[in-house]
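Undergrad: here is a sequence together with a model predicted from it:
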Amino acid sequence: MNATWLLPTAILLGIYVLCAGCYGLVYALGRLRESRKVTRTAYGFYAMQGLTTLLLVALTPLAWGWKLFLVACFLVYAAIPPITWRQLERTHALEHES
Amino acid sequence: MPESTAVVFEPGAGDPRFWRDGAIATTAFMLLVLLLLTVDSLRVLTEGGGGNVPAYTVINQKITYEFDAASNMDKPVIGGEELLFGHRYSEAEAKAIMDKGKLVIQSRSCINCHAFFGNGAYYAPDLTKAWLDPTWEKMWMPMTQAKTREDAMVQFLMHPDRYPTWARQMPNLNLSEEEARAVTAYLKWISSVQTNGFPAGFGRREVAR
Amino acid sequence: MNQSKKLGVQYLTASIVMMGALLLFGLLASIFYLKYGFLLGKLDFNIVKQVHINALIIACLWGFMGAIYWFLPDELGIETVGIGLARLLFWVFVAAVAVVVVVFIFVQYGSSDESGMWLVNQGRKYVEAPRWAAVGIVAVFLTLAYNIFASVAKARKVTGIMGVLMTTMIPLIAVYLIAFPAPTNMSVDLYWWWWLVHMWVEATWELMIGCILALALMKLLGTSRKVVEIWLYLEVALVLGTGILGLGHHYFWIGTPQYWLSIGGIFSALEPLPLLGMVVHAIYDAGKHQMKTHNKPAFLWLIAEAFGNFIGAGIWGFMMTLPQINLYSHGTQWTVSHGHFAFYGAYITGIIAVAYMVAQESRGIREVQGNAWKWAFAGLNIGMVGMVGALLVSGMSEAFIGRALGGSTLDGFMASQSNSWFMQGMIARTGFGVIIVASYFILAWDLLTLGRRSEKLSPALATT
Ligand code: HEM
Ligand code: HEM
Ligand SMILES: [Fe+2]
């Protein structure tokens, strides 16, 4: 890490998780309201996380191992909100069963 | 009921016990890995164990901190003899003065202003490499009229209130001379610990104040 | 009301009072950054900060204990076993804390031998309390564990939540024992000390508050036990799966082997993943129950906890957790920024939520009313976000100037401290601190007078 890139890299890393958070938040809102438009906005946030990942990979002096790791995590983040949502609906369905 | 069929397709997913067993297995596995790593880490951390932490008698030697290109990090370098307070500490003496130094540091709550290895508080400078700080020779030795770095440190530690210099001042913590010497020895030893390059560029970079 | 519930109210009240000490001493500590020579030689920064962070630990512990004693009889359907002893120990605990604070403030420093450690101050961050007090804390924990285990045995009912809660008693006590020895070798000392600090706040306490919130959710929203338990187990797996080796993010620079850079970085970078799941969960619950609750403040504080945890631990933690960044950010106001946000988001919010539930139920209030809670909610959250934002600005400038450019020497450090970005952050921090303290008083007043005050108001006023 060099002095010039220290703060930009950290800020990009913050934005990376922030985008993931917005994606999860808006995705959940979209499913709740059953609104396609809102869900699409959520994917927009996910795309922004992708862009951040790209910037982190292309510009920052992070080691290659970490860049690969960030890309892998980016892919995993895609699945978290839908899986959580599906699991929530499943478990809550149990509630009405019994 | 589409939801309930989904539950049937996922074996166990609707059963808390399935998740409980998963939680127990994950935790047990992680704890096991941590235990194994701890055994190895403690070997590396033991003073004089040949790992990252030199024996306490390292205070009899010269210590510097240099950039190591091969590992791409700053590392302490242990040189030839350079006595502390003009005395060659035996193993037992070195141990005794370190024990004292650590207790002084705890009793005066130093880490609630300063930090060691970056842990503590951030009101005052990190002390990991304080022994190697260029200001001892540049400034404190002339100010305290001491002939050696260690004497300047003892003078400062005993009477920090006599040398108000910066935007912050250290309070007088009533250290006896014995206590101040013990802390000085402790600081010399701790500067010899290999810390994966923390702090980076210590003493090699300069910034205008 | 049964004895266990009474004790729960006492502990929660004590916790809210302790939060006052936490905030006042925090505000006092922040002034040292603004004014040269402030209280120098009378009440030094280290003592003020020490009281501040110890008050934090005690406020959290009392909050958890209050919640546990409150919910235990509901969960097991019996009076808690050994409650007489627990009620006695409450007063002993409160008295001991008062004595420790008085000793910290008036005696300040002990002698540099074992007697100083036993009587005055152990000088190890977060566990400065002298050993006699630490022995007392162990006794209180053992009693708590006894209360829980014996009650479960008597009720012959091990629910999933109780199972997790009983398990957390083991690390709660086991790692606290690390508060006692003081190895001379600082590297070894810190290695074990992090087991205590990290394993408490990022594992044990997370699960304790998880259990408490599970019990709270069942009551507040009427969620079924099966659902709550599945989620609790999932949380256990995720929190411990990432948190145990996440310990590695404290093992970058203390003399530990280099492999900790990778392990610590990877596992702590995974920590935000479960937190994201919690955010989705919070929205789901909020939406499905359409905010139909008779305790809006408790509900909103629970939502704040999900978001606070994600932002404070997740985003703020992630920014500085990769070793290449942490090399510079480590041990600056940047760390302080994360510490404040994470503690507040994960624990303080949760305890406040439980306090609202308990105030409602213990006083038989049907619907929580008034506007005070809204002011407190807004003020505390805005103040806190502002404060950690200010700390982040200061911390980033400190890392850049003092570390990356200055190489961490005394000169580098002092240059970073007098930089104008840094100073402005420090001023703003104190400003937001004032907002936090003011909002705290509203909160305390609201909790104290809830139900007692609306009775005096006319019905028309009470419904607004
Ligand atoms: C009025 C509000 C507050 C102010 C002004 C304040 C101020 C401070 C100050 C000046 C420090 C010392 C930092 C240093 O070492 O330089 C500190 C440390 C700390 N405070 Fe606060 N505080 C406040 C509220 C809180 C709250 C609400 C919490 C917890 C929820 C908290 C938790 C902590 C922790 C964990 C530390 C140690 C941080 C570290 O060294 O990493 N504070 N606080
Ligand atoms: C509820 C959860 C958490 C709490 C209460 C918490 C609290 C804290 C506190 C108080 C410190 C400062 C310790 C000290 O020096 O005294 C700290 C340090 C740290 N935390 Fe957390 N934290 C939490 C979660 C996380 C997460 C999820 C991450 C990673 C994504 C993380 C990454 C770090 C790192 C890297 C440090 C070291 C900072 C440094 O180098 O100085 N924390 N945490
Ligand atoms: Fe941690």
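TA: Yep, it's here. Ligands and ions are numbered 1, 2, ... in the order given.
Undergrad: got a list of what the closest residue to ligand 2 within the stretch 201-350 of chain C touches?
TA: Per CB to the nearest ligand atom, the residue of the stretch 201-350 of chain C with the smallest distance to ligand 2 is C:Gly317, at 2.5 Å. In short, each C-beta sits where N, CA and C put it, glycine included. Residues near C:Gly317 by CB atoms under 8 Å, 6 or more residues apart in numbering or on different chains: C:Ser268, C:Glu271, C:Pro272, C:His338, C:Ala342.
Undergrad: what about C:Pro46, which helix or strand?
TA: You called it Pro, but residue C:46 is Asn. helix C:45-76 (DSSP states H and E).
Undergrad: helices along the stretch 151-300 of chain C, start to end?
TA: Assigned by DSSP state H, counting those that start in this stretch, the stretch 151-300 of chain C shows helices spanning C:160-174, C:186-199, C:205-221, C:225-246, C:259-270, C:272-288, C:296-308.
Undergrad: which one of these lies closest to C:Ile83?
TA: Checking the helices of the stretch 151-300 of chain C against C:Ile83 by CB to CB gives helix C:160-174 as the closest, at 16.6 Å.
Undergrad: quick check: buried residues in the closest one?
TA: Using 16 or more other CB atoms under 10 Å in any protein chain shown as the test for burial, helix C:160-174 gives C:Gly160, C:Ile161, C:Met162, C:Val164, C:Leu165, C:Thr167, C:Thr168, C:Met169, C:Pro171, C:Leu172, C:Ile173.
Undergrad: centre-most residue in chain A?
TA: In chain A, the centroid-proximal residue (CA atoms, centre = their mean) is A:Ala20; its distance is 2.5 Å.
Undergrad: please report the distance of it from chain B.
TA: Per CB to the nearest CB, to the nearest Å, A:Ala20 is found 22 Å from chain B.
Undergrad: contacts only, for that residue.
TA: By CB under 8 Å, 6+ apart, the neighbours of A:Ala20 are A:Phe45, A:Tyr46, A:Gln49, A:Tyr77, A:Ile80, C:Pro272, C:Leu276.
Undergrad: and the helices in chain B, which stretches?
TA: B:2-9, B:16-45, B:91-107, B:135, B:141-144, B:149-158, B:177-190 (DSSP state H).
Undergrad: tell me if the longest one is near chain C.
TA: Yes - using CB under 8 Å from any CB of the partner chain, helix B:16-45 reaches chain C at B:16, B:19-20, B:22-23, B:26-27, B:30-31, B:33-34, B:37-38, B:40-42, B:44-45.
Undergrad: and the buried ones among those, selectable in PyMOL?
TA: In PyMOL, this line selects whichever of the residues of helix B:16-45 next to chain C come out buried by 16+ other CB under 10 Å:
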select buried, chain B and resi 16+19+20+22+23+26+27+30+34+37+41+42+44+45
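Undergrad: show me where pLDDT drops low in chain B?
TA: Along chain B, the parts satisfying pLDDT under 70 run over B:1-13, B:208-209.
Undergrad: near ligand 2, which residues of it are found?
TA: B:Gly118, B:Asn119 (CB under 6 Å from any ligand atom).
Undergrad: for ligand 1, what's the nearest residue on chain B?
TA: B:Ala121 (3.3 Å).
Undergrad: what is the burial count for C:Ser420?
TA: 8 (other CB atoms under 10 Å in any protein chain shown).
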